[in-house]
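Asks: sequence? don't have it. structure:
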(Lines give C-alpha, C1' and ligand atoms only; values in the text may rest on other atoms or scores of the structure.)
Protein backbone atom coordinates (compact mmCIF):
# COMPACT_ATOMS: atom_id res chain seq x y z
CA UNK A 1 0.00 0.00 0.00
CA UNK A 2 2.77 2.47 0.92
CA UNK A 3 4.61 1.80 -2.34
CA UNK A 4 1.40 2.29 -4.28
CA UNK A 5 0.70 5.64 -2.58
CA UNK A 6 4.24 6.89 -3.20
CA UNK A 7 4.01 5.89 -6.86
CA UNK A 8 0.67 7.65 -7.23
CA UNK A 9 2.05 10.81 -5.59
CA UNK A 10 5.05 10.87 -7.93
CA UNK A 11 2.73 10.44 -10.91
CA UNK A 12 0.50 13.24 -9.57
CA UNK A 13 3.46 15.62 -9.34
CA UNK A 14 4.42 14.92 -12.95
CA UNK A 15 0.83 15.41 -14.12
CA UNK A 16 0.55 18.70 -12.24
CA UNK A 17 3.85 19.89 -13.67
CA UNK A 18 2.87 19.18 -17.27
CA UNK A 19 -0.71 20.43 -16.94
CA UNK A 20 0.29 23.63 -15.13
CA UNK A 21 2.83 24.45 -17.86
CA UNK A 22 0.15 24.08 -20.55
CA UNK A 23 -2.40 26.13 -18.60
CA UNK A 24 0.13 28.90 -17.96
CA UNK A 25 0.96 29.19 -21.67
CA UNK A 26 -2.72 29.17 -22.66
CA UNK A 27 -3.44 31.89 -20.09
CA UNK A 28 -0.57 34.01 -21.41
CA UNK A 29 -1.93 33.67 -24.96
CA UNK A 30 -5.57 34.29 -24.03
CA UNK A 31 -5.40 38.08 -23.88
CA UNK A 32 -3.53 41.21 -22.93
CA UNK A 33 -3.27 42.06 -19.20
CA UNK A 34 -2.56 45.67 -20.20
CA UNK A 35 -5.65 46.13 -22.37
CA UNK A 36 -7.57 48.22 -19.84
CA UNK A 37 -4.59 50.54 -19.34
CA UNK A 38 -3.85 50.97 -23.04
CA UNK A 39 -7.30 52.48 -23.54
CA UNK A 40 -7.03 54.70 -20.47
CA UNK A 41 -6.96 58.52 -20.69
CA UNK A 42 -5.05 58.90 -17.42
CA UNK A 43 -2.10 61.31 -17.67
CA UNK A 44 0.20 58.77 -15.99
CA UNK A 45 -0.89 55.92 -18.25
CA UNK A 46 2.64 55.00 -19.30
CA UNK A 47 3.76 54.81 -15.68
CA UNK A 48 0.79 52.57 -14.80
CA UNK A 49 1.57 50.30 -17.74
CA UNK A 50 5.20 50.00 -16.70
CA UNK A 51 4.22 49.29 -13.09
CA UNK A 52 1.97 46.42 -14.20
CA UNK A 53 4.67 45.08 -16.53
CA UNK A 54 7.10 45.03 -13.61
CA UNK A 55 4.48 43.57 -11.26
CA UNK A 56 3.60 40.66 -13.56
CA UNK A 57 7.08 40.35 -15.13
CA UNK A 58 5.57 40.68 -18.61
CA UNK A 59 8.96 41.49 -20.19
CA UNK A 60 9.96 37.84 -19.65
CA UNK A 61 8.70 35.29 -22.22
CA UNK A 62 5.84 33.16 -20.93
CA UNK A 63 7.75 29.83 -20.90
CA UNK A 64 10.52 31.33 -18.77
CA UNK A 65 8.02 33.24 -16.63
CA UNK A 66 6.34 29.94 -15.79
CA UNK A 67 9.49 28.58 -14.18
CA UNK A 68 9.73 31.71 -12.06
CA UNK A 69 6.16 31.10 -10.89
CA UNK A 70 6.99 27.42 -10.30
CA UNK A 71 9.97 28.35 -8.10
CA UNK A 72 7.71 30.50 -5.92
CA UNK A 73 5.04 27.79 -5.78
CA UNK A 74 7.64 25.22 -4.70
CA UNK A 75 8.28 27.32 -1.56
CA UNK A 76 4.75 26.45 -0.42
CA UNK A 77 5.98 22.91 0.21
CA UNK A 78 8.35 24.07 2.97
CA UNK A 79 6.44 23.61 6.26
CA UNK A 80 6.28 26.51 8.75
CA UNK A 81 8.55 28.64 6.56
CA UNK A 82 5.84 31.18 5.60
CA UNK A 83 7.55 31.66 2.23
CA UNK A 84 4.71 30.55 -0.05
CA UNK A 85 4.78 32.76 -3.15
CA UNK A 86 2.14 32.20 -5.86
CA UNK A 87 2.63 35.62 -7.40
CA UNK A 88 0.42 38.70 -7.28
CA UNK A 89 -2.82 39.71 -8.91
CA UNK A 90 -3.21 42.75 -11.13
CA UNK A 91 -4.38 44.72 -8.07
CA UNK A 92 -1.13 43.84 -6.29
CA UNK A 93 -2.69 41.43 -3.76
CA UNK A 94 -0.68 38.27 -3.03
CA UNK A 95 -2.40 35.32 -4.66
CA UNK A 96 -1.76 33.13 -1.61
CA UNK A 97 -3.78 35.54 0.54
CA UNK A 98 -6.65 35.67 -1.97
CA UNK A 99 -6.68 31.87 -2.23
CA UNK A 100 -6.88 31.37 1.53
CA UNK A 101 -9.84 33.76 1.76
CA UNK A 102 -11.62 32.27 -1.27
CA UNK A 103 -11.02 28.67 -0.16
CA UNK A 104 -12.38 29.45 3.31
CA UNK A 105 -15.61 30.82 1.84
CA UNK A 106 -15.99 27.99 -0.67
CA UNK A 107 -15.30 25.24 1.88
CA UNK A 108 -17.86 26.83 4.19
CA UNK A 109 -20.37 26.87 1.33
CA UNK A 110 -19.89 23.37 -0.06
CA UNK A 111 -19.35 21.45 3.19
CA UNK A 112 -22.98 21.50 4.29
CA UNK A 113 -24.29 21.10 0.73
CA UNK A 114 -22.04 18.12 0.00
CA UNK A 115 -22.71 16.41 3.33
CA UNK A 116 -26.49 16.80 3.05
CA UNK A 117 -26.49 15.75 -0.62
CA UNK A 118 -24.56 12.58 0.22
CA UNK A 119 -26.65 11.66 3.27
CA UNK A 120 -30.06 12.48 1.77
CA UNK A 121 -29.22 11.25 -1.73
CA UNK A 122 -27.77 7.92 -0.61
CA UNK A 123 -30.62 7.38 1.86
CA UNK A 124 -33.25 8.07 -0.82
CA UNK A 125 -31.42 5.80 -3.25
CA UNK A 126 -31.30 2.92 -0.76
CA UNK A 127 -34.96 3.35 0.21
CA UNK A 128 -36.18 3.53 -3.38
CA UNK A 129 -34.11 0.45 -4.26
CA UNK A 130 -35.81 -1.47 -1.47
CA UNK A 131 -39.19 -0.16 -2.69
CA UNK A 132 -38.51 -0.58 -6.41
CA UNK A 133 -41.32 0.45 -8.81
CA UNK A 134 -43.42 1.82 -5.95
CA UNK A 135 -44.99 5.26 -5.88
CA UNK A 136 -42.12 6.43 -3.69
CA UNK A 137 -39.60 5.19 -6.26
CA UNK A 138 -41.32 7.00 -9.12
CA UNK A 139 -41.82 10.16 -7.06
CA UNK A 140 -38.20 10.40 -5.94
CA UNK A 141 -36.98 9.66 -9.46
CA UNK A 142 -39.18 12.39 -10.93
CA UNK A 143 -38.17 15.04 -8.39
CA UNK A 144 -34.49 14.12 -8.57
CA UNK A 145 -34.28 14.49 -12.33
CA UNK A 146 -36.47 17.60 -12.25
CA UNK A 147 -34.00 19.43 -10.01
CA UNK A 148 -31.04 17.94 -11.88
CA UNK A 149 -32.34 19.22 -15.24
CA UNK A 150 -33.12 22.73 -14.00
CA UNK A 151 -30.38 25.27 -14.83
CA UNK A 152 -28.62 26.13 -11.60
CA UNK A 153 -28.89 29.88 -12.23
CA UNK A 154 -32.67 29.62 -12.72
CA UNK A 155 -33.01 27.47 -9.61
CA UNK A 156 -30.99 30.07 -7.70
CA UNK A 157 -33.27 32.86 -8.92
CA UNK A 158 -36.35 30.90 -7.78
CA UNK A 159 -34.78 30.43 -4.37
CA UNK A 160 -34.06 34.15 -4.17
CA UNK A 161 -37.62 35.05 -5.11
CA UNK A 162 -39.49 32.60 -2.88
CA UNK A 163 -36.91 31.52 -0.31
CA UNK A 164 -35.58 34.99 0.52
CA UNK A 165 -37.84 37.79 -0.69
CA UNK A 166 -41.07 35.89 -0.09
CA UNK A 167 -40.06 34.55 3.32
CA UNK A 168 -38.72 37.93 4.46
CA UNK A 169 -42.05 39.50 3.51
CA UNK A 170 -43.83 36.75 5.45
CA UNK A 171 -41.73 37.44 8.57
CA UNK A 172 -42.93 41.06 8.57
CA UNK A 173 -46.42 39.70 9.34
CA UNK A 174 -46.18 35.94 10.06
CA UNK A 175 -49.83 35.02 9.64
CA UNK A 176 -50.61 31.65 8.00
CA UNK A 177 -53.75 31.68 5.88
CA UNK A 178 -56.22 28.83 5.70
CA UNK A 179 -55.43 28.20 2.03
CA UNK A 180 -51.72 27.84 2.85
CA UNK A 181 -52.48 25.35 5.61
CA UNK A 182 -54.70 23.37 3.23
CA UNK A 183 -52.03 23.21 0.47
CA UNK A 184 -49.28 22.21 2.89
CA UNK A 185 -51.54 19.59 4.51
CA UNK A 186 -52.33 17.99 1.13
CA UNK A 187 -48.63 18.00 0.14
CA UNK A 188 -47.68 16.45 3.49
CA UNK A 189 -50.37 13.78 3.12
CA UNK A 190 -49.12 12.87 -0.36
CA UNK A 191 -45.55 12.51 0.90
CA UNK A 192 -46.64 10.32 3.81
CA UNK A 193 -48.69 8.15 1.48
CA UNK A 194 -45.67 7.65 -0.80
CA UNK A 195 -43.67 6.26 2.10
CA UNK A 196 -46.50 3.96 3.19
CA UNK A 197 -46.62 0.48 1.70
CA UNK A 198 -49.61 -1.09 0.06
CA UNK A 199 -52.55 -1.86 0.35
CA UNK A 200 -54.32 1.36 -0.58
CA UNK A 201 -56.14 1.48 2.76
CA UNK A 202 -52.80 1.88 4.49
CA UNK A 203 -51.83 4.62 2.06
CA UNK A 204 -55.11 6.38 2.74
CA UNK A 205 -54.53 6.27 6.48
CA UNK A 206 -51.00 7.65 5.97
CA UNK A 207 -52.40 10.47 3.81
CA UNK A 208 -54.95 11.46 6.45
CA UNK A 209 -52.39 11.31 9.27
CA UNK A 210 -49.84 13.32 7.32
CA UNK A 211 -52.37 15.98 6.39
CA UNK A 212 -53.80 16.27 9.91
CA UNK A 213 -50.37 16.46 11.56
CA UNK A 214 -49.14 19.13 9.11
CA UNK A 215 -52.31 21.22 9.45
CA UNK A 216 -52.30 21.00 13.24
CA UNK A 217 -48.60 21.86 13.41
CA UNK A 218 -48.97 24.95 11.20
CA UNK A 219 -52.03 26.08 13.16
CA UNK A 220 -50.21 25.78 16.49
CA UNK A 221 -47.06 27.49 15.19
CA UNK A 222 -49.14 30.38 13.87
CA UNK A 223 -51.17 30.65 17.08
CA UNK A 224 -48.09 30.90 19.34
CA UNK A 225 -46.27 33.24 16.90
CA UNK A 226 -43.44 30.71 16.62
CA UNK A 227 -41.99 32.24 13.45
CA UNK A 228 -41.23 35.47 15.30
CA UNK A 229 -39.95 33.84 18.50
CA UNK A 230 -38.86 30.30 17.56
CA UNK A 231 -37.50 27.66 19.92
CA UNK A 232 -37.61 23.96 20.65
CA UNK A 233 -38.04 23.77 24.40
CA UNK A 234 -37.76 20.71 26.66
CA UNK A 235 -40.91 18.99 25.36
CA UNK A 236 -39.82 19.01 21.71
CA UNK A 237 -36.31 18.01 22.78
CA UNK A 238 -37.69 15.03 24.70
CA UNK A 239 -40.04 13.84 21.94
CA UNK A 240 -37.42 14.31 19.20
CA UNK A 241 -34.73 12.66 21.29
CA UNK A 242 -36.84 9.60 22.07
CA UNK A 243 -37.79 9.23 18.41
CA UNK A 244 -34.15 9.60 17.36
CA UNK A 245 -33.07 7.03 19.96
CA UNK A 246 -35.47 4.44 18.58
CA UNK A 247 -34.44 5.25 15.02
CA UNK A 248 -30.70 5.05 15.72
CA UNK A 249 -31.04 1.78 17.62
CA UNK A 250 -33.26 0.34 14.89
CA UNK A 251 -30.61 1.05 12.25
CA UNK A 252 -27.47 0.22 14.23
CA UNK A 253 -28.46 -2.59 16.59
CA UNK A 254 -32.10 -3.56 16.14
CA UNK A 255 -34.82 -2.96 18.72
CA UNK A 256 -34.27 -6.43 20.17
CA UNK A 257 -31.05 -5.17 21.70
CA UNK A 258 -32.67 -3.72 24.83
CA UNK A 259 -29.35 -2.67 26.31
CA UNK A 260 -28.57 -0.49 23.29
CA UNK A 261 -32.06 1.04 23.41
CA UNK A 262 -31.78 1.72 27.13
CA UNK A 263 -28.33 3.30 26.62
CA UNK A 264 -29.75 5.63 23.98
CA UNK A 265 -32.72 6.59 26.17
CA UNK A 266 -30.36 7.32 29.07
CA UNK A 267 -28.50 9.76 26.80
CA UNK A 268 -31.84 11.42 25.98
CA UNK A 269 -32.46 11.93 29.72
CA UNK A 270 -28.93 13.25 30.23
CA UNK A 271 -29.41 15.58 27.27
CA UNK A 272 -32.59 16.95 28.82
CA UNK A 273 -30.68 17.61 32.07
CA UNK A 274 -27.87 19.23 30.10
CA UNK A 275 -30.42 21.54 28.46
CA UNK A 276 -30.81 23.31 31.82
CA UNK A 277 -27.27 22.84 33.14
CA UNK A 278 -25.25 23.86 30.05
CA UNK A 279 -27.41 26.75 28.80
CA UNK A 280 -25.93 29.37 31.19
CA UNK A 281 -22.42 28.50 29.97
CA UNK A 282 -23.46 29.03 26.35
CA UNK A 283 -23.85 32.79 26.78
CA UNK A 284 -20.17 33.29 26.00
CA UNK A 285 -19.88 30.35 23.64
CA UNK A 286 -17.02 29.92 21.17
CA UNK A 287 -16.39 27.38 18.45
CA UNK A 288 -13.88 25.55 20.63
CA UNK A 289 -16.32 25.40 23.54
CA UNK A 290 -18.93 23.78 21.28
CA UNK A 291 -16.34 21.33 19.92
CA UNK A 292 -15.20 20.49 23.45
CA UNK A 293 -18.77 19.86 24.59
CA UNK A 294 -19.36 17.65 21.56
CA UNK A 295 -16.29 15.56 22.36
CA UNK A 296 -17.35 15.29 26.00
CA UNK A 297 -20.84 14.20 24.92
CA UNK A 298 -19.43 11.43 22.72
CA UNK A 299 -17.18 10.23 25.55
CA UNK A 300 -20.11 10.17 27.99
CA UNK A 301 -22.19 8.23 25.46
CA UNK A 302 -19.41 5.68 24.97
CA UNK A 303 -19.09 5.31 28.74
CA UNK A 304 -22.86 4.83 29.18
CA UNK A 305 -22.94 2.22 26.43
CA UNK A 306 -19.95 0.41 27.90
CA UNK A 307 -21.46 0.32 31.41
CA UNK A 308 -24.83 -0.89 30.10
CA UNK A 309 -23.03 -3.65 28.23
CA UNK A 310 -25.26 -6.28 26.68
CA UNK A 311 -24.32 -9.05 24.30
CA UNK A 312 -22.65 -6.46 22.03
CA UNK A 313 -21.10 -3.55 23.90
CA UNK A 314 -20.07 -1.89 20.63
CA UNK A 315 -23.68 -1.50 19.53
CA UNK A 316 -24.67 0.05 22.86
CA UNK A 317 -21.72 2.44 22.77
CA UNK A 318 -22.43 3.55 19.20
CA UNK A 319 -26.15 4.03 19.85
CA UNK A 320 -25.56 6.04 23.05
CA UNK A 321 -22.83 8.22 21.53
CA UNK A 322 -24.90 8.96 18.40
CA UNK A 323 -28.02 9.80 20.42
CA UNK A 324 -26.05 12.02 22.81
CA UNK A 325 -24.45 13.89 19.91
CA UNK A 326 -27.86 14.45 18.34
CA UNK A 327 -29.27 15.76 21.63
CA UNK A 328 -26.33 18.17 21.88
CA UNK A 329 -27.01 19.35 18.34
CA UNK A 330 -30.65 19.98 19.22
CA UNK A 331 -29.60 22.06 22.23
CA UNK A 332 -27.33 24.19 20.04
CA UNK A 333 -30.11 24.60 17.45
CA UNK A 334 -32.51 25.67 20.21
CA UNK A 335 -30.03 28.32 21.36
CA UNK A 336 -29.73 29.68 17.82
CA UNK A 337 -33.53 29.82 17.62
CA UNK A 338 -33.75 31.74 20.89
CA UNK A 339 -31.25 34.26 19.47
CA UNK A 340 -33.27 34.65 16.25
CA UNK A 341 -35.42 37.68 17.37
CA UNK A 342 -32.29 39.62 18.38
CA UNK A 343 -30.72 38.88 15.02
CA UNK A 344 -33.81 39.93 13.03
CA UNK A 345 -34.12 43.19 15.00
CA UNK A 346 -30.44 44.07 14.49
CA UNK A 347 -30.11 47.45 12.66
CA UNK A 348 -27.84 45.81 10.08
CA UNK A 349 -30.47 43.18 9.26
CA UNK A 350 -33.51 45.49 9.26
CA UNK A 351 -36.05 42.72 9.60
CA UNK A 352 -35.01 40.84 6.44
CA UNK A 353 -32.77 38.02 7.69
CA UNK A 354 -32.59 35.68 4.66
CA UNK A 355 -29.77 37.08 2.55
CA UNK A 356 -29.58 36.88 -1.25
CA UNK A 357 -25.97 37.97 -1.85
CA UNK A 358 -22.60 37.83 -0.12
CA UNK A 359 -21.05 35.66 2.55
CA UNK A 360 -21.71 37.92 5.55
CA UNK A 361 -23.42 41.13 6.62
CA UNK A 362 -20.87 43.99 6.60
CA UNK A 363 -20.27 45.59 9.98
CA UNK A 364 -22.27 43.03 11.98
CA UNK A 365 -20.67 42.22 15.33
CA UNK A 366 -22.97 40.39 17.70
CA UNK A 367 -20.99 37.55 19.19
CA UNK A 368 -20.99 33.83 18.47
CA UNK A 369 -24.74 33.26 18.16
CA UNK A 370 -25.57 36.38 16.11
CA UNK A 371 -22.63 35.83 13.76
CA UNK A 372 -23.51 32.14 13.48
CA UNK A 373 -27.05 33.00 12.41
CA UNK A 374 -25.65 35.51 9.93
CA UNK A 375 -23.44 32.84 8.39
CA UNK A 376 -26.39 30.45 8.24
CA UNK A 377 -28.73 32.92 6.53
CA UNK A 378 -26.09 33.75 3.90
CA UNK A 379 -25.31 30.09 3.23
CA UNK A 380 -28.93 28.88 3.19
CA UNK A 381 -29.90 29.65 -0.41
CA UNK A 382 -26.64 28.68 -2.19
CA UNK A 383 -26.49 25.50 -0.10
CA UNK A 384 -30.05 24.59 -1.13
CA UNK A 385 -29.21 25.26 -4.78
CA UNK A 386 -26.17 22.97 -4.69
CA UNK A 387 -28.06 20.35 -2.66
CA UNK A 388 -31.01 20.11 -5.04
CA UNK A 389 -28.72 19.95 -8.07
CA UNK A 390 -26.61 17.15 -6.52
CA UNK A 391 -29.37 14.90 -5.18
CA UNK A 392 -30.12 13.18 -8.48
CA UNK A 393 -26.61 11.82 -8.98
CA UNK A 394 -26.25 10.37 -5.50
CA UNK A 395 -29.77 8.92 -5.35
CA UNK A 396 -29.54 7.30 -8.79
CA UNK A 397 -26.07 5.84 -8.27
CA UNK A 398 -26.92 4.48 -4.83
CA UNK A 399 -30.22 3.03 -6.10
CA UNK A 400 -28.54 1.25 -9.00
CA UNK A 401 -25.74 -0.02 -6.78
CA UNK A 402 -28.17 -1.28 -4.13
CA UNK A 403 -30.34 -3.06 -6.70
CA UNK A 404 -27.28 -4.83 -8.07
CA UNK A 405 -26.13 -5.88 -4.59
CA UNK A 406 -29.57 -7.13 -3.51
CA UNK A 407 -29.55 -9.64 -6.38
CA UNK A 408 -26.19 -11.12 -5.38
CA UNK A 409 -25.89 -14.73 -4.22
CA UNK A 410 -24.47 -13.84 -0.81
CA UNK A 411 -27.58 -11.73 -0.04
CA UNK A 412 -29.81 -14.70 -0.76
CA UNK A 413 -27.51 -16.84 1.38
CA UNK A 414 -27.74 -14.38 4.27
CA UNK A 415 -31.53 -14.48 4.11
CA UNK A 416 -31.51 -18.27 3.87
CA UNK A 417 -29.46 -18.39 7.08
CA UNK A 418 -32.35 -16.68 8.87
CA UNK A 419 -30.75 -13.28 9.39
CA UNK A 420 -33.13 -10.39 9.96
CA UNK A 421 -33.83 -8.03 7.06
CA UNK A 422 -32.14 -5.18 8.95
CA UNK A 423 -28.96 -7.23 9.32
CA UNK A 424 -29.02 -8.26 5.68
CA UNK A 425 -29.44 -4.68 4.48
CA UNK A 426 -27.22 -2.77 6.94
CA UNK A 427 -24.37 -5.24 7.41
CA UNK A 428 -24.21 -7.01 4.07
CA UNK A 429 -25.82 -4.91 1.34
CA UNK A 430 -25.34 -1.29 2.42
CA UNK A 431 -21.57 -1.40 2.88
CA UNK A 432 -20.95 -3.02 -0.51
CA UNK A 433 -23.39 -0.63 -2.19
CA UNK A 434 -21.18 2.28 -1.09
CA UNK A 435 -18.14 1.07 -3.06
CA UNK A 436 -19.13 2.52 -6.47
CA UNK A 437 -20.13 5.77 -4.72
CA UNK A 438 -16.60 6.32 -3.37
CA UNK A 439 -15.36 7.59 -6.73
CA UNK A 440 -18.40 9.83 -7.26
CA UNK A 441 -18.15 11.36 -3.78
CA UNK A 442 -14.39 11.94 -4.08
CA UNK A 443 -14.74 13.57 -7.48
CA UNK A 444 -17.63 15.82 -6.39
CA UNK A 445 -15.89 17.02 -3.23
CA UNK A 446 -12.74 17.93 -5.14
CA UNK A 447 -14.73 19.67 -7.86
CA UNK A 448 -16.94 21.63 -5.45
CA UNK A 449 -14.02 22.89 -3.38
CA UNK A 450 -12.55 24.03 -6.67
CA UNK A 451 -15.49 26.40 -6.85
CA UNK A 452 -19.22 26.26 -7.55
CA UNK A 453 -18.73 28.90 -10.22
CA UNK A 454 -22.30 29.61 -11.35
CA UNK A 455 -23.77 29.45 -7.83
CA UNK A 456 -21.10 31.80 -6.50
CA UNK A 457 -21.73 34.24 -9.34
CA UNK A 458 -25.50 34.31 -8.80
CA UNK A 459 -25.21 34.81 -5.04
CA UNK A 460 -22.13 37.09 -5.25
CA UNK A 461 -20.25 34.68 -3.02
CA UNK A 462 -16.53 35.48 -2.95
CA UNK A 463 -15.21 31.93 -3.31
CA UNK A 464 -12.88 29.99 -5.56
CA UNK A 465 -15.25 30.08 -8.53
CA UNK A 466 -15.62 33.85 -8.46
CA UNK A 467 -11.86 34.28 -8.02
CA UNK A 468 -11.31 32.18 -11.16
CA UNK A 469 -13.91 34.01 -13.27
CA UNK A 470 -12.64 37.45 -12.30
CA UNK A 471 -9.06 36.43 -13.06
CA UNK A 472 -10.13 35.14 -16.49
CA UNK A 473 -11.92 38.39 -17.28
CA UNK A 474 -8.84 40.44 -16.37
CA UNK A 475 -6.39 38.03 -18.06
CA UNK A 476 -4.69 37.78 -14.66
CA UNK A 477 -2.34 34.75 -14.87
CA UNK A 478 -1.23 34.25 -11.26
CA UNK A 479 -4.71 33.89 -9.67
CA UNK A 480 -5.67 31.52 -12.50
CA UNK A 481 -2.61 29.39 -11.77
CA UNK A 482 -3.33 29.49 -8.05
CA UNK A 483 -6.86 28.26 -8.71
CA UNK A 484 -5.59 25.54 -11.03
CA UNK A 485 -3.00 24.41 -8.49
CA UNK A 486 -5.59 24.04 -5.72
CA UNK A 487 -8.21 22.38 -7.96
CA UNK A 488 -5.66 20.02 -9.50
CA UNK A 489 -4.20 18.93 -6.18
CA UNK A 490 -7.65 18.35 -4.73
CA UNK A 491 -8.76 16.28 -7.73
CA UNK A 492 -5.68 14.05 -7.51
CA UNK A 493 -5.79 13.72 -3.71
CA UNK A 494 -9.47 12.82 -3.54
CA UNK A 495 -9.15 10.27 -6.32
CA UNK A 496 -6.28 8.68 -4.39
CA UNK A 497 -8.46 8.66 -1.27
CA UNK A 498 -11.23 6.97 -3.24
CA UNK A 499 -8.86 4.14 -4.18
CA UNK A 500 -7.79 3.74 -0.56
CA UNK A 501 -11.40 3.76 0.68
CA UNK A 502 -12.13 0.82 -1.61
CA UNK A 503 -9.88 -1.44 0.45
CA UNK A 504 -11.65 -0.46 3.68
CA UNK A 505 -15.16 -0.92 2.28
CA UNK A 506 -14.36 -4.26 0.64
CA UNK A 507 -11.61 -6.47 2.11
CA UNK A 508 -11.43 -8.33 -1.20
CA UNK A 509 -9.95 -5.24 -2.81
CA UNK A 510 -6.21 -5.12 -2.30
CA UNK A 511 -3.85 -2.54 -3.72
CA UNK A 512 -0.61 -4.21 -4.80
CA UNK A 513 2.62 -2.47 -5.62
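Replies: Okay, I see it. Please read all numbers here as calculations on a predicted model, not as lab measurements. Residues are numbered from 1 along each chain as shown.
Asks: residue ranges with poor pLDDT in the stretch 351-500 of the chain?
Replies: 446-447, 449-451 (pLDDT under 70).
Asks: what's the first-to-last distance across stretch 50-70?
Replies: 24 Å (Cα to Cα, to the nearest Å).
Asks: isn't residue 342 up against residue 367?
Replies: No. Using Cβ atoms under 8 Å, residue 342 is not in contact with residue 367, being 9.7 Å away. Every C-beta, even on glycine, is put in place using the N, C-alpha and C of the backbone.
Asks: pLDDT weak spots in the stretch 1-150 of the chain?
Replies: Along the stretch 1-150 of the chain, segments meeting pLDDT under 70 span 1, 78-82.
Asks: quick one: the helices in it?
Replies: Taking DSSP state H, counting those that start in this stretch, the helices of the stretch 1-150 of the chain run over residues 2-29, 35-38, 45-56, 62-74, 95-130, 135-149.
Asks: which one of those is the most hemmed in?
Replies: Highest mean neighbour count among those (mean count of other Cβ atoms under 10 Å): helix 95-130, with a mean of 20.
Asks: that one to helix 62-74, inter-axis angle?
Replies: 80 degrees (axes from the mean of the first three to the mean of the last three Cα atoms, to 10 degrees).
Asks: packing partners for helix 95-130?
Replies: Applying 3 or more Cβ pairs under 8 Å, 6 or more residues apart in numbering; DSSP states H and E, one finds that helix 95-130 contacts helix 135-149, helix 367-406, helix 435-449, helix 453-458, helix 464-474, helix 477-505.
Asks: mind doing that once more with 6 Å?
Replies: helix 135-149, helix 367-406, helix 435-449, helix 464-474, helix 477-505 (3 or more Cβ pairs under 6 Å, 6 or more residues apart in numbering; DSSP states H and E).
Asks: for those helices, which one sits closest to residue 156?
Replies: Closest approach to residue 156 among these (Cβ to Cβ): helix 367-406, 4.8 Å.
Asks: please point out which parts of that closest one sit buried.
Replies: Of all the residues in helix 367-406, those buried under the rule 16 or more other Cβ atoms under 10 Å are 368-370, 372-374, 376-399, 401-402, 405-406.
Asks: quick one on the thing from earlier: can you list the helices and strands packed on helix 95-130 in JSON lines and add distance to residue 213?
Replies: Formatted as JSON lines, the helices and strands packed on helix 95-130 follow (distance: least, Cβ to Cβ, whole Å):
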{"stretch": "helix 135-149", "distance to residue 213": "19"}
{"stretch": "helix 367-406", "distance to residue 213": "24"}
{"stretch": "helix 435-449", "distance to residue 213": "33"}
{"stretch": "helix 464-474", "distance to residue 213": "41"}
{"stretch": "helix 477-505", "distance to residue 213": "38"}
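Asks: which stretch among these comes nearest residue 294?
Replies: That would be helix 367-406 among the helices and strands packed on helix 95-130, by Cβ to Cβ, at 14.8 Å.
Asks: not counting sequence-adjacent ones, nearest residue to the residue nearest the centre of the chain?
Replies: What sits nearest the mean C-alpha location of the chain, by Cα atoms, centre = their mean, is residue 112, with 2.2 Å. Closest residue to residue 112 apart from its sequence neighbours, by Cβ to Cβ, 6 or more residues apart in numbering: residue 383 at 5.1 Å.
Asks: quick one: contacts of stretch 221-239?
Replies: 174, 176, 272, 330, 334, 337, 338, 340, 341 (Cβ atoms under 6 Å, 6 or more residues apart in numbering).
Asks: select only the buried ones of those in ChimeraX?
Replies: Only the buried members of these enter the following ChimeraX selection, criterion being 16+ other Cβ under 10 Å:
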select :272,330,334,337,338,340
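Asks: on that earlier part again, minimum distance to residue 259: which of the helices of the stretch 1-150 of the chain has it?
Replies: Between the helices of the stretch 1-150 of the chain, helix 95-130 lies closest to residue 259; by Cβ to Cβ that is 26.5 Å.
Asks: and the angle from the closest one to helix 435-449?
Replies: Using the same axes, to 10 degrees: helix 95-130 against helix 435-449 is 150 degrees.
Asks: doesn't residue 222 lie inside a helix?
Replies: Yes. Applying DSSP: H, G, I helix; E, B strand; the rest coil, one finds residue 222 inside a helix.
Asks: tell me how many other residues surround it.
Replies: When neighbours are counted by other Cβ atoms under 10 Å, residue 222 registers 16.
Asks: one step back: quick one, which of the helices of the stretch 1-150 of the chain is nearest to residue 212?
Replies: helix 135-149 (20.3 Å).
Asks: sorry, back to before: in helices only, show me the contacts of stretch 221-239.
Replies: Counting by DSSP state H, the part of the contacts of stretch 221-239 found in helices is 272, 330, 334, 337, 338, 340, 341.
Asks: nearest spatial neighbour of the fifth one, skipping sequence neighbours?
Replies: I take that to be residue 338. residue 231 (5.4 Å).
Asks: what's around that neighbour, how many residues?
Replies: 16.
Asks: and for the one 4 residues further on?
Replies: Using other Cβ under 10 Å, the number of residues around residue 235 comes to 9.
Asks: go ahead and confirm the residue nearest to residue 112 touches residue 113.
Replies: Yes. Using Cβ atoms under 6 Å as the test, residue 383 is close enough to residue 113 to be in contact (4.5 Å).
Asks: how far is stretch 159-178 from where the chain is centred?
Replies: Distance of stretch 159-178 from the chain centroid (Cα atoms, centre = their mean, to the nearest Å) equals 25 Å.
Asks: buried residues in it?
Replies: For stretch 159-178, by 16+ other Cβ under 10 Å, it's 159, 160, 163, 164, 168, 171.
Asks: likewise for stretch 410-430?
Replies: Under 16+ other Cβ under 10 Å, the buried positions of stretch 410-430 are 411, 414, 424, 425, 426, 428, 429, 430.
Asks: including distance to residue 121 and secondary structure, could those go into TSV?
Replies: TSV is the format used below for these (distance: Cβ to Cβ, whole Å; DSSP: H, G, I helix; E, B strand; the rest coil):
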residue	distance to residue 121	secondary structure
411	22	helix
414	26	helix
424	22	helix
425	17	helix
426	18	helix
428	21	helix
429	17	helix
430	14	helix
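Asks: okay if I get the residues you listed as JSON lines plus distance to residue 201?
Replies: JSON lines is the format used below for the buried residues of stretch 410-430 (distance: Cβ to Cβ, whole Å):
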{"residue": "411", "distance to residue 201": "31"}
{"residue": "414", "distance to residue 201": "32"}
{"residue": "424", "distance to residue 201": "28"}
{"residue": "425", "distance to residue 201": "27"}
{"residue": "426", "distance to residue 201": "30"}
{"residue": "428", "distance to residue 201": "33"}
{"residue": "429", "distance to residue 201": "30"}
{"residue": "430", "distance to residue 201": "31"}
